[in-house]
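[1] sharing a sequence plus its predicted fold:
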Amino acid sequence: MAIKVLHQGLSTTIQDLGRPGYFHLGIPLGGAMDRLAMRAANLLVGNAEGAAGLEAVFIGPQLEFTADALVAVTGADMPIKLDDEPREGWTSFRVKAGQVLSFDFLKAGARIYIAVSGGVDVPLALGSRSTYAIGALGGFEGRPLQVGDVLPVGQGTGAAEGRTVSEALRRRAGSPAELRALPGLYWHRITEESGRNFFADEWKVANEADRMGYRFRGGRKLEFVPRQQPFGAGSDPSNIVDSCYPYGSIQVPGGTEPIILHRDAVSGGGYFMVGTVVSADMDLIGQMQPNTPTRFIKVDMDQALKARADRARLIDAIRAVLD
Amino acid sequence: MQARYSFGGDEHLFVEVSEEMSLEAFFTSLSMANGIRDAAIEGVTEICPANASLQIKFNPDVISPDNILKQVRAIERAAGKHEPVITTRIIEIPVFYGDPWTHETLMRFRERHQDPSSTDLEYGAKVNNYDSVAAFVEAHSGSPWFVSMVGFVAGLPFMYQMVERQRQIEVPKYLRPRTDTPRLTVGHGGCFGCIYSVRGAGGYQMFGITPMPIYDPTQTTSYLQDFMVFFRPGDIVKFKPIDRAGYDAAVAAVDAGTFSPPIKEVRFDLREFQKDIAGYNRKLEDILYGN
């Protein structure tokens, strides 16, 4: 069983739940940007939640199946076609040998997740099948898919078609999108007024938004508390002695345009960070398009942990429906 | 030195050992990272030492933020009592300074540079008060460097020059980052040297190129078959200037699977080093070259 890539979309990569354990060597977590959608797609077709599927951004791929399979597409709202017949998102459906899966224009969100029963069976690289394109690691030859690629697929478990994850169990960023963030790291580098402005202003997702990070524009410039720059930090007030960057951390080079690091994050560098988006809201970022109005919501650790628990309950509810 | 603690969201604990870079701060961060690894704390998923700080990723469903903070603080206290001694490797890395590939690239991005009329090497020599590029290359390759962090992208070493602070090479980064840097470029920004492990964007000044791959996800390079990333924090690097012929020969040896960088195990004692930096560095070189 295999999937032939007839069209690659804009950038379609093989992803799973990621590759923890190598960030200290600069190899990022990787894996699906919207992990809830990836887990749901896998559960819908009877796979383990960490099986490998496809992540496609903005434009869907065109895929031909060489054998019968069970497929589910989750994440962004992008009309699904099987040989020109519509199919529902967040719902498992049968595909017969020779049929072609394709997509219409994106309606909402940014990334779809395509799971196939048995999972995409490329070799594991450092314990994961996810594609880290900058390091040419994992996935299909370490790169986004191209026309003519043939993806091996594992043995499915024979799950049923027509299973669905209801609207109530899906998460979607509102408008403006609200991202909860815990101030910290180098928060003390900016003035109190700038700290208030950061959370008060409306930002917009910039065009530079990808698996490495999401850039934002539109808020007021952050002002720095004056200091003599420490040795080794560099001369700009936004510079620090190069440190590690947490996944979800918000750096603001020059104090102007915040960047939230995501699954293919650079592991460190010399820009100060104002804080970190809570783990519960990282999935939402993966579904944001350029120009999405965005507010950062200040939370403390207790609120961050409560948000995390809420998200975990949502995933449990999806499991309860599909197991 | 009292570390500063801050949480990076609900999954990371950030520890700033010192605001400014120093070998003492690096040693503390490395020692704490080792202490945390040895403690095998349940729920800790990543331990990342950096130049003068470190980061711990944890699963708050397994260990509470309060609890991880308490345990890491205890490790900081213990690390303060450790001898500043590590057993590590010293490695010779060949560098073709002023090579044609980084030269072609730096010429393409001249409008992003502080001094468009000079090359990065000429600029580095000038702002560090060297009379000539040759004298600058001699300073760059004359003393060893500590790998104080591995990261940014896969396998990229940040390196800190093992000389008195006033002799350390310092250069600003490009005014605006380049969109391209040749793979294996030897660069410098602020007080840190680096080797670009993969081709890509970059803001460090470009001084040369090494023929020696340091990251190989295919693990076909002879000395990267056990693991795809060459460098570890704590490695000591000594650069060796080579010319075009030396570069071509090394590339051919890498391709033939016969290249093997000179590597020796060494014990490094920070206190002894600080008593006589030049003398200590000579001893390190003697070990590297078996004198």
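    Looks like it arrived, so ask away.
[2] and after the helix or strand of chain A with the lowest mean pLDDT, which helix or strand comes next?
    Here the helix or strand of chain A ranked lowest by mean pLDDT, DSSP states H and E is strand A:268-271, holding a mean of 92. Scanning forward in sequence from strand A:268-271 by DSSP states H and E, the next helix or strand is strand A:273-277.
[3] same for whichever helix or strand comes after that following strand, what does it pack against?
    Per DSSP H and E, the first helix or strand lying C-terminal to strand A:273-277 is helix A:282-285. Using 3 or more CB pairs under 8 Å, 6 or more residues apart in numbering or on different chains; DSSP states H and E, the elements in contact with helix A:282-285 are helix A:35-44, strand A:177-183. Any C-beta I mention is one placed from the backbone N, CA and C, and that applies to glycine too.
[4] ok, back up a step: hmm, who's touching the least confident helix or strand of chain A?
    A:26, A:233-234, A:238-245, A:251-253, B:48, B:50, B:149, B:151-152, B:189-190 (CB atoms under 8 Å, 6 or more residues apart in numbering or on different chains).
[5] ok, back up a step: highest mean neighbour count out of the helices and strands packed on helix A:282-285?
    Highest mean neighbour count of those: helix A:35-44, a mean of 27 (counted as mean count of other CB atoms under 10 Å in any protein chain shown).
[6] so which elements touch that one?
    Contacts defined by 3+ CB pairs under 8 Å, 6+ apart place helix A:35-44 against strand A:53-57, strand A:69-77, strand A:108-116, helix A:282-285, helix A:301-322.
[7] quick one, strands of the stretch 151-291 of chain B?
    Secondary structure of the stretch 151-291 of chain B (DSSP state E, counting those that start in this stretch): strands at B:157-161, B:185-189, B:192-195, B:205-209, B:236-241, B:263-269.
[8] okay if I get the ones you listed as JSON lines plus mean pLDDT, mean neighbour count and distance to chain A?
    Below are the strands of the stretch 151-291 of chain B laid out as JSON lines (pLDDT from 0 to 100; neighbours: other CB atoms under 10 Å in any protein chain shown; distance: least, CB to the nearest CB, whole Å):
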{"stretch": "strand B:157-161", "mean pLDDT": "97", "mean neighbour count": "26", "distance to chain A": "6"}
{"stretch": "strand B:185-189", "mean pLDDT": "96", "mean neighbour count": "24", "distance to chain A": "7"}
{"stretch": "strand B:192-195", "mean pLDDT": "97", "mean neighbour count": "25", "distance to chain A": "7"}
{"stretch": "strand B:205-209", "mean pLDDT": "98", "mean neighbour count": "27", "distance to chain A": "13"}
{"stretch": "strand B:236-241", "mean pLDDT": "98", "mean neighbour count": "20", "distance to chain A": "16"}
{"stretch": "strand B:263-269", "mean pLDDT": "97", "mean neighbour count": "14", "distance to chain A": "18"}
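[9] what about the residue in the stretch 51-200 of chain A positioned nearest to chain B, how many residues close to it?
    Here the residue of the stretch 51-200 of chain A nearest chain B is A:Gly135; by CB to the nearest CB that distance is 3.8 Å. Counted with other CB atoms under 10 Å in any protein chain shown, the neighbours of A:Gly135 add up to 25.
[10] next, the residue lying closest to it once chain neighbours are set aside: phi, psi?
    Excluding the flanking residues, the one nearest A:Gly135 by CB to CB, 6 or more residues apart in numbering or on different chains is B:Ala154, at 3.8 Å. Main-chain torsions, B:Ala154, degrees, to the nearest 10: phi -50, psi 120.
[11] what parts of the stretch 151-291 of chain B come near chain A?
    Contact residues, the stretch 151-291 of chain B versus chain A (CB under 8 Å from any CB of the partner chain): B:151-156, B:158, B:165, B:172-173, B:189-192, B:197-198, B:200, B:215, B:217, B:228-229, B:233.
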